[in-house]
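Chemist: Requesting a structural model of the entry that follows:
(chains A and B)
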Amino acid sequence: MLKIFLNTVFRKLFLQKGYSLINILGLATGITCSLLILLWVEYELSFDSFHKNNEQIYCVYENQSYADGEVFTAYSTPAPLAAKLKSDIPEVDKATRITRTWGKLMLTTDDSTFVENSGLCVDTDFFKMFSFPATMGNPNLVMPDDKSIVITESMSKRYFDQENPLGKTIIINSSFEYKVSAVLKDSPKNSSLYFDFLLPFGFIKKNWGFNLKNWDSHAFRTMIQIKSNTYIPNLETKIKPFIKQNLKQSNADLALQSFSDYHLHSISGKKLSPILYVRVFALVAFIILLIACFNYMNLSTARSERRAREVAVRKVVGAHKRGLFALFMAESVFISFLAFGLAVVLVELLLPFFKELTQRDLSLQFTDPTLLLSFAAIVTFTGIISGSYPAIYLSSFKPIRILKGKLYRDSHFFRKLMVITQFTISIGLIICTSVIYRQLDFLQDKDIGYQKDNIIYIELLDDFHEHYEDLKENLIKIPGVLKVTAANQMPINFSNSTSHITWDGKSKEAENVLFQLSFVDYDFIETFEMEVIHGRAFTHEQGADSLKLVINEAAASIMNMSYTIGEKVKIWDYEGEIIGIVKDFNFNSLQVGVKPLVMLISSDEFKYIAIKTDGNEEPIINNIRETWNKYFPNIPFTHRLLRDDFSYLYKAESRMSLVFISFTLIAVIISSLGLFGLSSYIIEQKYKEMGIRKVFGAEFQHLFRSFLIRFLRWILLANLIAWPIAFFLMQWWLAGFAYRINTSWLEFLGAGILSLLIAFITVFYQSYKISSITPIKAIRYE
Amino acid sequence: MKKFRTDEVETTALNNVNMEINEGEFVAIMGPSGCGKSTLLNILGLLDNPTSGELYFNKTQVDGYSERQRTNLRKENIGFVFQSFNLIEELTIYENIELPLLYMKVSSSERKKRVNEVLERMKIAHRAKHFPQQLSGGQQQRAAIARAVITNPKLILADEPTGNLDSANGEEVMNLLTQLNETGTTIVMVTHSPSDADRSHRIIQLFDGHIVTENMRQKL
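Modeler: Now for the predicted structure:
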């Protein structure tokens, strides 16, 4: 029985090569896309799931309320919080503070010096909470004292090569001695916590003199592990006022986020959080698979006229409707398995590119039970969905009618609906892709209010402020260097803020407004070509500018003194005078608008040197390196380009848009195959009619016109449906950006024209094919 | 000669057929099933090409004609009537009859005049707005004849025109064809029916792709 079945199926596949090819290829393409997306989605969802205690771990975060109604949400919490939570709240089993080391550190071994910024400072509970297994050292006592450093395998290899690293000394910033107490496996790629080495939390105090008892400084991440059977809402209520209980004047409430939500969910309720992309892509995968199935259905029913006689004969010799239904279903599932096999090959071929595109370490593993189940589900889903309609349609043919030459004709409504749906989706995808592409392009090229091109910047190590003036003098001498300046942060991502700013007549609404604070060098404003709209920028000549402030428009409008240069402003205990106002410029991702900003001069805070060049970067960078090596022979020179960092801000979006564009392209191709299938179906049905028309004098253009009108109606309808949907969807997406483009009618028209063009080409081909056959063949065709 | 090829088998449908049909003649082609009658008719109607041999229409050699030339020659000079009527199901009787005129780019007022005329002549004017399935076989065949004559062709080719009709309706169709012949139209008809063949001037008997006999008949 099985042998007969396989025989029949293969014979059919080979008899109708072109049809089989389109059918299997279309389905395989659809499955390939869904598989690729599925791999990516699975990877994204797998983040941090390797921690055994994953379900019990929570991030503690703050909602800081400001008087203007703004709520600032961040993972930054005070240093004493972790220990206090653990001691005061019984549900909290373990707690650790986590912070990335602040800026670069210089690590010295017996033989060499390295500059690192991939270290974390943690409490000892860290090792009991998270599953980063130790390969060397005592697994139960990974960090025995506050002079221990824990390193990863790859760092061990880098620092000590094949030697046993345990007990070796690493000196940090030439002052603090640490001994390697354990070696951990490198953190997996799907870990949110990424590090090369771990230091005891006390390092923060040792190196930067930070007061770790201060409740008013929100700078560290706090993570807790709860006891099992803890009722989370209760715990949240307990934790919420915890900071205020310890510091009356605080404006911060605490909240919990499950660690398993950490990677994909944003705590600030930002609309474009990664989970959105995961959901959108899961939807896209589903849609592509559905389109491919629609195609299959279309093509199969299109061929059913040919199979009608087979059905009739089978029925006459005794086949039941149920048996025929099963036969067609089996055929369909079998073909979807063939397509699936092809898809697996395609996935393997495309995976390297897809990995590059998504920047994720994806792989196709057949040993993974979730993945296997998903695959089985995809194949069965595809087979059943694509086989169902043809199976129902074919098995219900009435044998007598068919044998007499009269075909059972349905209303074609279902098929029309499928093609219209397919085209609606494709047109919608084309429009969305174009809007997304333009928006991201716009963000890249938007006049952000300062010059980001041709700026090289170098991060300074802690103690190098004293060399700054000297270094600057030498750097400016390099041919091609136009300006050299410094600041505590680059305009790419200002993050230093305070609400401790007062001025005469400060209103209640301005209470607790968060101001960005930038410590800059004299020529900072000129270097970045920021526009001064009132007053002046800092100058050396007028001296004593160290007590002067330059603010931005947003700050001026909050201070309600936009035209008053010379006002006094107090920052903490420090009184300054406003000398100028710069036009608002964007110092954060353009998803966020412009925040109030205060700039003042303070060389003690400098962390970056920025060098503006004439654009001829290569030789200039070499020269800067030489100069650098003269001053800091032991410290490897590293530099960044501001323009690259700016692109990086939108990397997630650009990467996603690239992936999105690729999949849209595929959806459009599959839809075109669908139209091709449908037009061959219609033409098959109209075969005889076209023959009659030809006998009575019809030529190519007549046939072409009559087909075209038929298809154009559907395509126009698909456009009418797709346009408003795409429009509202894109309005919603764009609303997530503070700076955005408007959707253009050209995008809609373009998608419309493209869809018409696809229809035009397909119909042209089919009409040409039918007009070139001998008419009598068509008439004889029954 | 006409050969048909499928993948492996070559079938010779017509072989060494030499014949001439004069203007104004009514010729019947007879013979058993599969003897090549319809193939001959299709070649005469330029619907099919002979594998080898020569074909003249109005003293012009046409066997080497391109598809376009054949279409043009066909739509101006030849009308077709089929056993299974071959009316287009989606079009009304009126539209079916109008079809050849559309392809000849006849003006709309002229089309209307000529279609109405021929509808009257074929006694199906009351059926103009109906679809083919709504008509009886006889009516459908009259509509098919109307479509064949609408362009005033010199030649009408009829492939078993009464094959799907009862005797009364068959009689009526034959009367129409005879009338057309009397007004000067050349008719070539394939038939199995001796009584229908009796209406012709000449009967050609085909067997296995050969002409076996040719009988001249006196006009009745």
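
Chemist: three-state assignment of B:Ile211?
Modeler: Taken by DSSP: H, G, I helix; E, B strand; the rest coil, the conformation at B:Ile211 corresponds to strand.

Chemist: Apologies, that question was intended for A:Met418.
Modeler: Under the three-state scheme (three-state DSSP), A:Met418 adopts helix.

Chemist: go on, B:Thr71?
Modeler: helix.

Chemist: That one and A:Gln701 touch, don't they?
Modeler: No: B:Thr71 is beyond contact range of A:Gln701, at 11.6 Å (criterion: Cβ atoms under 8 Å). Placement of C-beta: from N, CA and C, glycine included.

Chemist: Show me which of the two is the more surrounded one.
Modeler: Neighbours per residue (other Cβ atoms under 10 Å in any protein chain shown) separate B:Thr71 from A:Gln701, with B:Thr71 holding more: 22 against 10.

Chemist: quick one: that one from A:Ile670, how far?
Modeler: Going from B:Thr71 to A:Ile670 by Cβ to Cβ, to the nearest Å gives 37 Å.

Chemist: And for B:Val17?
Modeler: Here B:Val17 is placed at a distance of 52 Å from A:Ile670 (Cβ to Cβ).

Chemist: between the two, who's got more neighbours?
Modeler: Per other Cβ under 10 Å, whichever of B:Val17 and A:Ile670 has more neighbours is A:Ile670, with 26 against 19.

Chemist: looking at this, the more buried one is in a strand?
Modeler: No: A:Ile670 sits outside any strand when classified using three-state DSSP, being helix.

Chemist: Is the nearest residue to it once chain neighbours are set aside within a helix or a strand, and which one?
Modeler: Once flanking residues are discounted, A:Ile670 sits nearest to A:Ile291: 5.0 Å by Cβ to Cβ, 6 or more residues apart in numbering or on different chains. For A:Ile291, the element it lies in under DSSP states H and E is helix A:274-316.

Chemist: Now the element after that helix, going C-ward?
Modeler: Heading C-terminal from helix A:274-316, the first helix or strand you meet, by DSSP H and E, is helix A:321-358.

Chemist: now that following helix against helix A:274-316, angle please.
Modeler: Using axes from the mean of the first three to the mean of the last three Cα atoms, to 10 degrees, one finds that helix A:321-358 and helix A:274-316 are set 150 degrees apart in direction.

Chemist: Report all helices and strands that helix A:321-358 contacts.
Modeler: Contacts defined by 3 or more Cβ pairs under 8 Å, 6 or more residues apart in numbering or on different chains; DSSP states H and E place helix A:321-358 against helix A:2-15, helix A:17-45, helix A:274-316, helix A:369-395, helix A:651-685.

Chemist: Work out the gap between the helix or strand hosting A:Phe704 and the centre of the chain.
Modeler: Using DSSP H and E, A:Phe704 maps to helix A:700-734. In this view, helix A:700-734 has its centroid 31 Å away from the chain centroid, taken as Cα atoms, centre = their mean, to the nearest Å.

Chemist: what comes up buried for that helix?
Modeler: Buried residues in helix A:700-734, counted by 16 or more other Cβ atoms under 10 Å in any protein chain shown: A:700, A:702-704, A:706-708, A:711, A:714-715, A:718-719, A:721-723, A:726-727, A:730, A:733-734.

Chemist: so what's the closest residue to chain A within chain B closest to, chain neighbours aside?
Modeler: The minimum distance from chain B to chain A, using Cβ to the nearest Cβ, falls at B:Lys75 (2.9 Å). With Cβ to Cβ, 6+ apart as the criterion, B:Lys75 has its nearest non-adjacent residue at 2.9 Å, and that residue is A:Gly697.
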